[in-house]
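> got a structure for you, letters missing:
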Ligand SMILES: [Zn+2]
């Protein structure tokens, strides 16, 4: 791969400033200091805005994002599932999402996809994976199988995922989740089980993402030392202040409700529950901004009415909640990179991976341009080049 200089570009580097006319020098998949490679091809971007590749910190590649993803997951054989996952990965990358964290897919299938993408057999975003979520029997996400109880079983589950070389542990802390008619709050695991899970994950040097809605469960997560809170619907001001002071990020996953609120596919009672919870989530996000919690963009893509490749919609939803557009963008760039433990992505500067998108305008002024990138590059290679 020869070196490349992108010139005539307005670079929005993701470090907090506005777009500036600058060249981007790329060698071996990395951004390098201008002038540091002797021979390089040049390419003009015609004065367009270049920004870091987007990051989606919460997806499920094994789920199709249709009306009933659990039913279609259960009906799929291994081959169908593998091709569905590959297709979701391709669609995601082509939308300008160059890194994704999958927080719940079968462990062997998702680690195989990660390897296939890394060796460029399959087109997809850089993938960080949890494998199967850790949950209780008949608990939320137990349709994946493998529900368990007890300190020993919890330790075994973390060890099993560590053996598969996952990047993160996913634990379901809140009972009920989105099951119709149930209160989404209530503990799944005891404090002893949660402490064992954290200890075992620390031994394996793995961070933990926790699915938590209710404030008591969020407090349990804070106390034991979870790294990211997924959803956080009923987070209190006190919990958010604690999360801010301990650098625990919040991934509000607003996208999963955007389409459902438009389509209204469920019976009235369930829709009322969903709308009530939506209001709580908006409140939580607004309080999180006030408390200066690290906000991270995650779509929960794959779940009902939540297609893959739409992190731009999540950024827009965050902005609609009152998150300033620079912070809404940072949620899919440097804040997401930090939450994923990846300092090499999320900004455009020498020493960073050459993951970038070319946009029709400045997203600080119009977040809409994120939904239709003109070109996408991952690790220094055009996934979609700029049409001439
Ligand atoms: Zn999820």
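Now that the structure is in, tell me what you want to look at. Because the structure is predicted, anything quoted here is derived from the model rather than measured.
> only C-alpha atoms for contact and neighbour calcs from this point on.
Fine.
> Which parts of the stretch 251-388 of the chain are strands?
Here the stretch 251-388 of the chain has its strands, by DSSP state E, counting those that start in this stretch, at 356-359, 375-378, 381-384.
> quick one: strands adjacent to the last one?
Taking DSSP bridges as the criterion, strand 381-384 sits next to strand 375-378 (antiparallel) in its sheet.
> Would you mind checking the average pLDDT for the strand it pairs with?
Averaged across strand 375-378, the pLDDT comes to 98.
> Need the residues that contact that strand.
Contact with strand 375-378 is made by 29, 53, 93-96, 98, 125, 353-359, 382-387, as judged by Cα atoms under 8 Å, 6 or more residues apart in numbering.
> My read is that residue 2 contacts residue 41, right?
Yes - counting by Cα atoms under 8 Å, residue 41 is a contact partner of residue 2 at 7.4 Å.
> circling back: possible to save the strands of the stretch 251-388 of the chain as JSON lines with distance to residue 162 and mean neighbour count?
Formatted as JSON lines, those follow (distance: least, Cα to Cα, whole Å; neighbours: other Cα atoms under 10 Å):
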{"stretch": "strand 356-359", "distance to residue 162": "31", "mean neighbour count": "26"}
{"stretch": "strand 375-378", "distance to residue 162": "27", "mean neighbour count": "24"}
{"stretch": "strand 381-384", "distance to residue 162": "31", "mean neighbour count": "18"}
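> So what's the residue count around residue 248?
Residues near residue 248, counting by other Cα atoms under 10 Å, number 22.
> meant to ask about residue 7
19.
> Okay, and residue 108 sits in which element?
helix 107-118 (DSSP states H and E).
> Spatially nearest residue to residue 307 (excluding sequence neighbours)?
Spatial nearest neighbour of residue 307, chain neighbours left out: residue 65 (4.5 Å); criterion: Cα to Cα, 6 or more residues apart in numbering.
> ditto for residue 35
residue 25 (7.7 Å).
> State the distance from that neighbour to residue 111.
From residue 25 over to residue 111 the distance is 32 Å, taken as Cα to Cα, to the nearest Å.
> contacts for stretch 21-33?
By Cα under 8 Å, 6+ apart, stretch 21-33 touches 1-11, 34-35, 37, 348-354, 378-381.
> helices and strands of this structure: which one has the lowest mean pLDDT?
Counting by mean pLDDT, DSSP states H and E, the chain has its least confident helix or strand at helix 255-263, which shows a mean of 84.
> so what does that one touch, helix or strand wise?
Here helix 255-263 touches helix 268-291, helix 311-320, going by 3 or more Cα pairs under 8 Å, 6 or more residues apart in numbering; DSSP states H and E.
> got a list of contacts for that helix?
Residues from elsewhere that reach helix 255-263, judged by Cα under 8 Å, 6+ apart: 274-275, 278, 298-301, 303-306, 313-314, 317.
> I'd like these as JSON lines, with neighbour count and distance to residue 249 appended.
Putting these into JSON lines (neighbours: other Cα atoms under 10 Å; distance: Cα to Cα, whole Å) gives the following:
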{"residue": "274", "neighbour count": "20", "distance to residue 249": "24"}
{"residue": "275", "neighbour count": "15", "distance to residue 249": "24"}
{"residue": "278", "neighbour count": "17", "distance to residue 249": "19"}
{"residue": "298", "neighbour count": "30", "distance to residue 249": "11"}
{"residue": "299", "neighbour count": "29", "distance to residue 249": "15"}
{"residue": "300", "neighbour count": "33", "distance to residue 249": "16"}
{"residue": "301", "neighbour count": "30", "distance to residue 249": "19"}
{"residue": "303", "neighbour count": "23", "distance to residue 249": "21"}
{"residue": "304", "neighbour count": "19", "distance to residue 249": "24"}
{"residue": "305", "neighbour count": "22", "distance to residue 249": "25"}
{"residue": "306", "neighbour count": "24", "distance to residue 249": "22"}
{"residue": "313", "neighbour count": "19", "distance to residue 249": "20"}
{"residue": "314", "neighbour count": "26", "distance to residue 249": "16"}
{"residue": "317", "neighbour count": "20", "distance to residue 249": "17"}
